[in-house]
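Q: 3D model of this:
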Amino acid sequence: MPVQYEGIKKEHEAVRTRAGLFDVSHMGEIVVEGPGAVAAVDRLVTNDVGNLEVGRALYTVCCNESGFILDDLIVYRLEAEKILVVCNASNRDKIVSHFAKNLSLETPWNDVSDAWALLALQGPNARAIMAELGAPEALLGLRTFGVARATVAGVDLWAARTGYTGEDGFELFCANEDAAALWRAILAVGEAHGIQAVGLGARDTLRLEARLMLYGNDIDEQTHPFEAGLGWVVKLEAGDFIGRDALRKIKAEGFDRKLVGFEMTGRGIARHGYPIVADGERVGEVTSGSPGPTVGRNIGLGYVPKALSKVGTALGIEIRGKQVGAVVVTTPFYKR
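A: Below you'll find the predicted structure:
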């Protein structure tokens with residue numbers, strides 16, 4: 001997957017206003033199935049998989065015993081005792097090892113990452129394109145975070161109403177050998193709908209406008225869900241999971257910093273790793289930053305002390321030795 005096909009801004013705008021197609025087959029996929037599969041996965045993540053209906057998915061994080069984030073995941077309940085877990089490509093080996101260590105020998109599971117491809121069709125015209133490709137009504141009628149099996153453009157696949165752009169759309173899981181044909185079919189039908197192949201550059205600007213996390217930037221093994229604003233995926237009372245006791249303690253004792261969104265008030269673009277300053281002192285650093293093509297502002301995320309996290313708080317971003325003004329704002333920066 002390239003950084004760009006025809007330009008980041010053009011690709012970004014296509015997803016926001018028409019449709020974009022991403023090849024995200026680099027993501028990792030683990031299938032856990034058989035008796036006890038749901039309970040087994042439930043113990044590995046913070047959200048409540050046990051309460052997840054068949055044909056539904058949820059966003060969650062996987063933590064270590066100390067409550068710090070190993071990865072953020074989407075968990076799909078494909079069947080009563082068949083779970084699909086999608087992890088970040090950079091964390092595939094780590095998560096596979098974590099599952100291998102913590103799943104019982106009686107729980108069958110398989111890393112299918114090398115056998116499956118994943119295409120993401122995103123944007124307001126995504127549903128119309130899927131309809132022209134012959135997607136059944138059961139797929140077209142999926143709610144957000146729904147998942148169903150279907151045949152589309154002659155390809156057997158799992159389709160989910162999920163994505164990483166802040167737009168409506170579908171993520172399509174199919175066999176590797178079918179991916180090229182499916183890619184070409186979507187682009188051919190999508191041409192009349194203004195579709196654009198989209199690379200990693202616009203994927204990053206789209207997800208940042210929607211305040212979707214990027215592992216390795218906004219969250220990692222030095223961050224916990226509460227300071228990252230992900231407390232909503234931590235279900236402390238739903239049952240036991242790895243890291244539960246530590247997270248309960250963190251929540252009870254409180255924490256010192258918080259991930260905030262900001263926009264630049266001065267001329268400059270905040271980039272990952274740039275210092276965040278207040279009253280002449282370094283108070284944090286930028287975790288993600290870029291122009292926001294849809295919102296028309298230079299935006300970013302970063303951790304700051306809680307006392308500086310209130311909307312409207314003035315900050316400075318150190319850019320090449322100079323302090324440029326910024327202000328804490330409400331996120332997401334963009335909401336469809």
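Q: Quick check: pLDDT value at Ser104.
A: Listed pLDDT for Ser104 reads 85.
Q: and it, how far is that from Met213?
A: Plainly put, Ser104 is 30 Å away from Met213 if you go by C-beta to C-beta, to the nearest Å. Where you see a C-beta, it was placed from the backbone N, CA and C, and this is true even at glycine.
Q: same deal with Ala19?
A: 24 Å.
Q: Neighbour count: the two, which is higher?
A: Ala19 (27 against 24; other C-beta atoms under 10 Å).
Q: residue contacts, Ala228?
A: Neighbouring residues of Ala228 by C-beta atoms under 8 Å, 6 or more residues apart in numbering: 69, 213, 218-219, 259.
Q: If we use 6 Å, what do you get?
A: The contact partners of Ala228, by C-beta atoms under 6 Å, 6 or more residues apart in numbering, come to 219, 259.
Q: What about Lys22, how many residues nearby?
A: Actually, residue 22 is Phe. It isn't Lys. Neighbour tally, Phe22, other C-beta under 10 Å: 25.
Q: Please enumerate the helices of the stretch 151-300 of the chain.
A: Residue ranges of the helices in the stretch 151-300 of the chain, as given by DSSP state H, counting those that start in this stretch, are 176-190, 200-209, 244-253.
Q: Give me the contacts around the last one.
A: By C-beta under 6 Å, 6+ apart, the surrounding residues in contact with helix 244-253 are 66-67, 224, 226, 234, 236.
Q: Most neighbours among those residues, please name it.
A: Val234 (25 neighbours).
Q: Nearest residue to the residue nearest the centre of the chain in space, ignoring adjacent ones along the chain?
A: Most central in the chain under C-alpha atoms, centre = their mean is Tyr164, positioned 5.1 Å from the mean C-alpha point. Closest residue to Tyr164 apart from its sequence neighbours, by C-beta to C-beta, 6 or more residues apart in numbering: Arg207 at 5.1 Å.
Q: how close does the one you found sit to Gln122?
A: Arg207 sits at a distance of 11 Å from Gln122 (criterion: C-beta to C-beta).
Q: Comparing those two, which shows the higher neighbour count?
A: Shown here are Arg207 and Gln122; by other C-beta under 10 Å, Gln122 has more neighbours (26 against 19).
Q: Can you tell me how far the more buried one is from Ile195?
A: Here the criterion is C-beta to C-beta. By it, Gln122 lies 10 Å from Ile195.
Q: next one: Phe170
A: Taking C-beta to C-beta, one finds Phe170 at 13 Å from Ile195.
Q: When these two are compared, which one has more neighbours?
A: Phe170 (26 against 23).
Q: so what pLDDT did the residue nearest to the centre of the chain get?
A: On pLDDT, Tyr164 comes in at 98.
Q: How about the one 3 residues further on?
A: Model confidence at Glu167, given as pLDDT, is 98.
Q: Ok, the one 3 residues further on next?
A: The confidence metric pLDDT takes the value 98 at Phe170.
Q: quick one: it from Ala160, how far?
A: On the measure of C-beta to C-beta, Phe170 and Ala160 end up 7 Å apart.
Q: Could you pull out the residues contacting both of these two?
A: Counting by C-beta under 6 Å, 6+ apart, Phe170 and Ala160 have no common neighbour.
Q: in the stretch 101-250 of the chain, which spans are strands?
A: 109-111, 116-122, 147-152, 155-160, 169-175, 195-197 (DSSP state E, counting those that start in this stretch).
Q: With distance to Ser288 as added columns, please give these in TSV.
A: Putting those into TSV (distance: least, C-beta to C-beta, whole Å) gives the following:
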stretch	distance to Ser288
strand 109-111	28
strand 116-122	19
strand 147-152	28
strand 155-160	24
strand 169-175	21
strand 195-197	23
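Q: right, so of those strands, which gets closest to Ser309?
A: Ser309 lies closest, by C-beta to C-beta, to one member of those: strand 116-122, at 30.5 Å.
Q: Show me the strands paired with that closest one, marking each as parallel or antiparallel.
A: strand 19-23 (antiparallel), strand 169-175 (antiparallel) (DSSP bridges).
Q: winner for burial among those?
A: strand 19-23 (a mean of 25; mean count of other C-beta atoms under 10 Å).
Q: what about that strand, distance to the chain center?
A: 15 Å (C-alpha atoms, centre = their mean, to the nearest Å).
Q: Low-confidence stretches in the stretch 151-300 of the chain?
A: For the stretch 151-300 of the chain, no stretch has pLDDT under 70.
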